[in-house]
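Q: Sequence below, structure please.
(chains A and B, ligands or ions: 2)
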Amino acid sequence: MYKEYLSLKKIEGPLIVVEGVKGVSYNEMVEIKLKDKIKHGKVVQLNGDIAVIQVFENTSGMSVRDISVKFTGKPLEIKLSREILGRIFNGIGEPIDGGGPIFNGIKLDVNGSPINPVARRYPRNYIQTGISAIDTLTTLIRGQKLPIFSGNGLPHNQIAAQIVKQARVAEGEGEFAVVFAAMGIKHDDAHYFIKAFQDAGVLDRVVMFMNLADDPVVERIVTPRCALTAAEYLAFYENMHILVIMTDITSYCEALREISAAREEVPGRKGYPGYLYSDLASLYERAGMVEGSKGSITQIPILTMPNDDITHPIPDLTGYITEGQIVLSREIYQRNIYPPINILPSLSRLMKDGIGEGYTRADHPDVANQIFSSYSKVQEVKALSQVIGEDELSEIDKKYLEFGNAFEYRFLKQSFDEDRDVKESLDIAWEILSILPKNELDRINPKFIDEYYRG
Amino acid sequence: MEGSKGKVIYVNGPVVKAINMKDFKMREMVTVGEKKLIGEVISIDEDLGTIQVYEDTTGLKVGDDVISTQKPLSVTLGPGIVGNIFDGIQRPLNIIFDKSGNFIKEGIGLETIDKTKKWYVKFTVKEGEYLKGGDIFGIVEETPLIKHYLMVPPNVEGKILEIKEDGEYSLDTILIKLDNGQELKMYQEWPVRIPRPVKERLPIQKPLITGQRVIDTFFPIAKGGTAAIPGGFGTGKTMTQHQLAKWSDADIIVYIGCGERGNEMTEVLEDFPKLIDPSSNLPLMNRTILIANTSNMPVAAREASIYTGITIAEYFRDMGYNVAVMADSTSRWAEALREISGRLEEMPAEEGYPAYLPSRLAEFYERAGYVRTLNDKEASVTIIGAVSPAGGDFSEPVTQNTKRFVSAFLGLDRKLAYSRHYPAINWLSSYSGYITQLEEWYRQNVAEDMLNLRAEMMKVLQEESKLQETVKLVGEDVLPDEQRLILEIAKLIKVGYLQQNAYHKEDTFVPLNKQYMMLKVIYSFYKFAKEAVKVGVPISVIKNSNHFYKIIKMKYEIPNNFGDSFDKFINDISEYFTNLIKEYEGD
Ligand SMILES: Nc1ncnc2c1ncn2[C@@H]1O[C@H](COP(=O)(O)OP(=O)(O)O)[C@@H](O)[C@H]1O
Ligand SMILES: [Mg+2]
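A: Ligands and ions are numbered 1, 2, ... in the order given. Just a heads-up that it's a prediction; the model follows:
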């Protein structure tokens, strides 16, 4: 349906309104021809002969005349083949690395379709990241969606880069590739990732979709969809294990809010649209594994919590959809501990099926439980010691403080280049748990205490 | 009447408006556009109709047809439901898979249970008998666990003119002809938004036994009752619901995955066929029905999924079964209402939710109940709804309004979850309104003093919580030993009793008699320890005693068929303390 319309009714923020249209379909892609360039958009509302179009690029400089609008008759599609590996695209899937277009590919709708729950394979295999806190306490599972809840200035990029570097799939288990979606991040951050991929030796196995801080805001809404479509292609058509890194989800949500405000929709919490949950789900639920394919999509979305507030709608709704979360803490980082993971609010919902006997080590589930329980007791003791002073603490409470310190400086803290085997991490866990008297270890099966306790 | 056709004039997400709609009825099911997307008429204003569409509306055009189906959104009720998994409008996901592969495409059409599959019908009535609504006329063995009683639809009655012989028939075979021309088949249809009728509502009488200690002992749910499980993300709503679906002593489980994760439904599909029901020794899938409208599936169908689930539950209740419905999460349903309401540009009330949110919640929970069915059986529908408050804050509208309409409230606590105290049900803020109604039952079926023990334990927990306020300021060491004992006993209750590991073979389900014996052990220890403290036994001796440690581990070490282990244990404790007390009294 290639009809062109030559005038607009109005331009309003990221939206343009075209009148007198016929045969236009909901959600279809639109090309907007200006004097010197083409912009893109999509139909977001139809009302009689009026179509409301959301423009991905900036609408500034557009006028209601001097413009023509072409309806393409289909939703946004991108072309995909193995050639996308090692390539860089902009936020709506156009190559920007000078390497020319993708030939011989198949075209897929970037919006994807929901995976049928009966077609899913439940994820059960763990990925060793080499980071003790993650491997032991919030184990990453292949096919999981496990976001990093961070804050401005915290080292979420380093953690993601370290995971990419160290989490290579064991040999013989299939090909590995990374899909990277940048939404509103700074050029510096983008360069950091490119360099990190280079250092990890995976640059030719990375597909990048870049919408940077100075790129059009609305385009950001499409960027993760392009990236996830590429990931689905590589995982389900080419049987690869894909790690998708999406950053920054907060910028993405802000873009959604901007459009929602322009459309004068009833706002939900903090001005974000009521459908933020469903919209985020349409991204996050694209992780997983399906019948008939050996590949997998593991997602590590990164979001910066506004004011470090975990109850803000963006982390909150994310946590309700993803299969756990890794929460970073400014307080821990200020004490010079990397990775500054606050384990208590962190969680991996899928680890239960991927750890323990036959996977990591039989004592793993109990050890993890015990550390959570003891470390939460450490917080109570710390609070008490602030009131009455450390000297006044009981012997056992002093032990807890000692354990807390050892946990943070011996177990949690590791360097960016340190790649610990999961068994090594578990051994360190026993080393620090052994600071506590045996009978404080009430979450651990006595037979493991006999085997591993070093009191 | 054929051929009422509307014309689409407006599309905004799942909300479509059409003109030429005056011959359509409210709540009528329609198809929209070339792909025949399924929708429901949600308002009619003269010529203008508003439709919520249950599939993705991408590709719809102004001018597309809206076609009437002449019936309200309904479910098809008959053999083939149990063990199956459906989307929000009762389309079997396996059929959708066959038609569209791994990914759900729109335009699948209206599918339901297989009407060509044959089932062996054993009739229970004869020619010439008079049948009325609800009467059972035949039996189909739907699964090895579930006898499917074929019933006369509530609004049908008459004398049997013709009846088939026992044998194998497909769903659409006419089995019985009545003298007034009406026909009975193996299935009936029922509009999801209308509760199925019963003869009368009866008072609550029995608990829903869940095998979860904190629920059965402290905050029991009743058969025919209502319960809410609110909690922030990661606090254990879904795990608790799964545990109830696995182990509670309902005959039928309807599990509604409403706007939640795809993998959680897959997990049920993979695990339940392998899990064995403790009472029948048959796989749990034989009594389970799944409704899955995950977070990324169309939002309007999420709204419908709750009604689809509850209607199926009522149908099995009408056969005389105790049915338990788990809805995870009712908040996603409320949000679907909000999203559609927003797109309809209705006037929002609190936090953007429509003003009719409380009445919708009330209507839903009212469909639970302990009843006498039309065919004179006692049966029940129990509803257990998860609530996902924004920011984990229970003061938000869905939690608050739900609280008004449910009798048991199992509040999940973020702090408990952070320390991996599971189930993270807060024992101070949770409550069950069923305790008085169930008192007699517990007395007769568990033990005379079961609820007394419960009260004693509750008292310890409440005292401990008060003492903790002091401990936070001065530490534990300065408290007198009687008070420190309360702290230690509370620890026994928390770690040894309230914490229950869903992943542990023995601990995942605990029968009531073991729950009772465990309480008794803790209580004996408490009583003796109190005596001991009085005669000057230091708290450290008590807390470091082997028995203290054994109580914490008894849930794992003493099996569900415990024989006389607990009695022996109590004897040991008694002996230990008697000697200890003697020793100190001697000083
Ligand atoms: N009874 C339990 N036993 C063991 N682990 C539990 C239990 N309840 C919750 N968990 C843990 O908590 C995690 C989150 O629980 P889940 O029910 O998915 O939370 P929610 O539905 O409230 O977001 C689970 O993945 C599991 O690790
Ligand atoms: Mg859940």
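Q: Quick check on the nearest residue to residue A:383 once chain neighbours are set aside: phi, psi?
A: Spatially, and ignoring its direct neighbours in sequence, residue A:383 is nearest to residue B:472 (6.8 Å; Cβ to Cβ, 6 or more residues apart in numbering or on different chains). (Glycine included, C-beta is placed from N, CA and C.) Recorded main-chain torsions at residue B:472 are phi -60, psi -30, according to degrees, to the nearest 10.
Q: Tell me who's in contact with residue B:472.
A: Residues in contact with residue B:472 (Cβ atoms under 8 Å, 6 or more residues apart in numbering or on different chains) are A:380, A:383, A:384, A:387.
Q: Am I right that the second one falls within a helix?
A: It refers to residue A:383. Yes - counting by DSSP: H, G, I helix; E, B strand; the rest coil, residue A:383 is part of a helix.
Q: tell me the SS of the most centrally placed residue in chain B?
A: Ranked by distance to the mean C-alpha position of chain B (Cα atoms, centre = their mean), the top residue is residue B:326 at 2.0 Å. Here residue B:326 is recorded as strand under three-state DSSP.
Q: Just give the nearest non-adjacent residue to it, would you?
A: residue B:241 (4.5 Å).
Q: repeat for residue A:119
A: residue B:102 (4.0 Å).
Q: same check, this time on residue A:123
A: residue A:143 is the one closest to residue A:123 (Cβ to Cβ, 6+ apart), at 3.4 Å.
Q: since we're on residue A:288, how many residues are nearby?
A: A count of neighbours around residue A:288, defined by other Cβ atoms under 10 Å in any protein chain shown, yields 29.
Q: And the pLDDT for it?
A: Listed pLDDT for residue A:288 reads 96.
Q: So it versus ligand 2, what's the distance?
A: 16 Å (Cβ to the ion, to the nearest Å).
Q: And residue B:328, by the same measure?
A: 6 Å.
Q: can you pull the contacts of that residue?
A: B:237, B:238, B:241, B:255, B:256, B:257, B:258, B:260, B:264, B:386 are the contacts of residue B:328 under Cβ under 8 Å, 6+ apart.
Q: so of these, which ones are in helices?
A: Judged by DSSP state H, helices contain the following of the contacts of residue B:328: B:237, B:238, B:241, B:264.
Q: how long is stretch A:291-306 end to end?
A: 38 Å (Cα to Cα, to the nearest Å).
Q: close to chain B, is that stretch?
A: Yes - in terms of Cβ under 8 Å from any Cβ of the partner chain, part of stretch A:291-306 sits within range of chain B, namely A:291, A:292, A:293.
Q: Identify the residues contacting the nearest residue to residue B:134 once chain neighbours are set aside.
A: Once flanking residues are discounted, residue B:134 sits nearest to residue B:374: 2.5 Å by Cβ to Cβ, 6+ apart. By Cβ under 8 Å, 6+ apart, the residues touching residue B:374 are B:132, B:133, B:134, B:135, B:154, B:197, B:198, B:199, B:318.
Q: Quick one: buried ones out of those residues?
A: Buried subset of the contacts of residue B:374 (neighbour count, 16 or more other Cβ atoms under 10 Å in any protein chain shown): B:133, B:134, B:135, B:154, B:198, B:318.
Q: From those residues, which land in helices?
A: Reading helices off these with DSSP H, I get residue B:318.
Q: correct me, but the residue nearest to the centre of chain B touches residue B:255?
A: Yes - Residue B:326 lies in contact with residue B:255 (Cβ atoms under 8 Å); the separation is 4.9 Å.
Q: so what's in contact with those two at the same time?
A: With Cβ under 8 Å, 6+ apart, residue B:326 and residue B:255 have common neighbours B:241, B:245.
Q: For the stretch 451-587 of chain B, which residue gets nearest to ligand 2?
A: Nearest to ligand 2 in the stretch 451-587 of chain B, going by Cβ to the ion, is residue B:502, at a distance of 13.4 Å.
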